[in-house]
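The following comprises the amino acid sequence and a computationally predicted model.
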Amino acid sequence: MSLTLIITLIILGFIVSSAVFFMLYLIFTKIYLKFRIVGTCPANLCLVGRTVIVTGANKGMGYWVAMDFAKRGAKVILACRNKTKGKEAVEKIQSETENKNVVFQSLNLASFKSIRAFVQEVKKNERRLDVLVNNAGVVRPNAVTEDGFHPTLQVNALGPFLLTILLIDLLKSTKHSRIVNVTTKEGSEHFDILEDLVDKSDSWFAYVRNYENSKKCLGLLMTSLSDKLQRHEVTVQFAVPRPCRTDLQIYENLPEFLKFFKRHIFITFLCLEANESAVNTVFTALDHQVGNFMCKYYRDCEQWDPGHQDTEVDTYLRKKIWWKCVEYVQLKPNEFSGLS
C-alpha cells in the first residue's frame, strides 16, 4: 500500500469521524436542551386578580408567555403593533385557556407618540400592574423612525425605556410587581455615546451588532432604573432565553452558505421551539425566589452569570446613557421625579 493511499485514508477517516462526532454533539445538545428547559417553571402559581403586559405578544416567544399567564388566570394585555395579528392571538389564547380577560392593545415601540397613547389607555383602565414583560425585539436595516432614531435601537431600547418609566407609578402602586426584560448577554463592552451603538452599514455583521448593542443599552438603562427603585417593591430582572424558532431577522443578511447552516443545522439542532424558550421568561416573571433579588440575569430557569463585571466604565456609561435617553425620549421632569 502506497504512502499516498495511507495518507488519503487517514484524512478520510478523520473527516468521517469528525462529522460523526459533530452530529452526535448536535443530537445530544438538542436532547439536553429539551430536558433542561421544559417543565421547570413553577406550574401551580395562580394569577387570578393580577394584571400583566407582554410586548410583542402576537407571535413567537411573547405569544407563549402571554398564553402561560392567561392559563394562570391573569388579565393579560397583548401590547402589539399589528392590530390584525394581535386580535388573532387574543382569540387563540382565549379559546385555548377559556380566559376572556385577555385583550389586545395597540403599541408601536418605534413611535414615542404610540407609547404615550398606550400608557394613557392602560392608566385609564387598570388599577394595578403586576408584571411588565419587555419582550418585543426587532432587527431592522438602516432606516430612521418618525422620532429620528434607528428602528433597532428605538424598538429594543428607547421604546421599552420610555414605556417602563411611564408605567412606573402603576407598578409602584402594586405590591411585589416585577419588570422583566428579555435580553442577551452580548454587546459592545465599551462605547462612549449612543451613536456608537448603531452601525449604519448593510452588512450582516451590522444587523447582529445593532441588535446586541441595543440590548446592551437596554440593560444599562434598566440597571440604572433598578438602583432608583431600591426603596420600592418593584424588582427589575433580565431573562436570557435560549435561541428559538422565531421570525426575528437577525441573521437574514448572511452569506448564502451561512444561511444554509442556519436553516439546516442551527435551527434544527441548537434552537428550541418558541413555547419551550418562553418558559425561562415566565420563570423570571413569577418565581418567588427571583423576587428576593434585584437586577439579576436568568437562564434555564436559574440565576445566571452573564460573565461581565459591573466596572467603573459601566457605572459611567449607565449614568451618561440614562440622561441621554431621558433627553431622547423627551421625558418631562415630573414623569420620572418619583424615582429620585
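Sure thing, it's come through.

those helices in the stretch 201-340 of the chain, which residues are they?
According to DSSP state H, counting those that start in this stretch, the stretch 201-340 of the chain carries its helices in the segments 204-228, 256-261, 267-270, 274-286, 312-328, 333-336.

could you check the angle helix 204-228 makes with the fifth one?
Read it as helix 312-328. Note on geometry: by axes from the mean of the first three to the mean of the last three Cα atoms, to 10 degrees, helix 312-328 and helix 204-228 are set 90 degrees apart in direction.

List the buried residues for helix 312-328?
Neighbour counts over helix 312-328 (16 or more other Cβ atoms under 10 Å) mark 314, 317-318, 321-322, 324-326, 328 as buried. C-beta here means a position set from N, CA and C on the backbone, and glycine is covered the same way.

State the mean pLDDT of it.
Averaged over helix 312-328, pLDDT sits at 83.

again, but for the third one
Mean pLDDT, computed over helix 267-270, is 58.

Likewise for the longest one?
Averaged over helix 204-228, pLDDT sits at 85.

Can you find the helix or strand in this protein with the smallest mean pLDDT?
When each helix and strand of the chain is scored by mean pLDDT, DSSP states H and E, helix 256-261 comes last, with a mean of 56.

hmm, back to that, most packed of the helices of the stretch 201-340 of the chain?
Neighbour counts (mean count of other Cβ atoms under 10 Å) averaged over each of the helices of the stretch 201-340 of the chain peak at helix 274-286, with a mean of 24.

which helices and strands does it pack with?
Counting contacts by 3 or more Cβ pairs under 8 Å, 6 or more residues apart in numbering; DSSP states H and E, helix 274-286 packs against helix 3-37, helix 60-71, strand 131-134, strand 177-182, strand 234-239, strand 297-299.

Columns mean neighbour count, mean pLDDT and distance to residue 306 on top of the ones you listed, output as a markdown table?
As requested, those are arranged in a markdown table below (neighbours: other Cβ atoms under 10 Å; pLDDT from 0 to 100; distance: least, Cβ to Cβ, whole Å):
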| stretch | mean neighbour count | mean pLDDT | distance to residue 306 |
| --- | --- | --- | --- |
| helix 3-37 | 11 | 70 | 18 |
| helix 60-71 | 26 | 95 | 19 |
| strand 131-134 | 28 | 98 | 17 |
| strand 177-182 | 26 | 96 | 13 |
| strand 234-239 | 24 | 94 | 8 |
| strand 297-299 | 20 | 89 | 5 |
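
Format these as a markdown table; extra columns: distance to residue 121.
Converted to a markdown table, those look like this (distance: least, Cβ to Cβ, whole Å):
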| stretch | distance to residue 121 |
| --- | --- |
| helix 3-37 | 35 |
| helix 60-71 | 18 |
| strand 131-134 | 15 |
| strand 177-182 | 19 |
| strand 234-239 | 21 |
| strand 297-299 | 30 |
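
quick revisit: looking at the buried residues of helix 312-328, which is nearest residue 110?
residue 328 (13.4 Å; Cβ to Cβ).

which residues touch the closest residue in space to that closest one that isn't next to it in sequence?
Closest residue in space to residue 328, ignoring its immediate chain neighbours: residue 158 at 5.9 Å, by Cβ to Cβ, 6 or more residues apart in numbering. Neighbouring residues of residue 158 by Cβ atoms under 8 Å, 6 or more residues apart in numbering: 149, 325, 328-329.

cool, residue 72 as well?
Neighbours of residue 72 in contact, by Cβ under 8 Å, 6+ apart: 45-48.

out of the residues you listed, which are buried?
For the contacts of residue 72, buried by 16+ other Cβ under 10 Å: residue 47.
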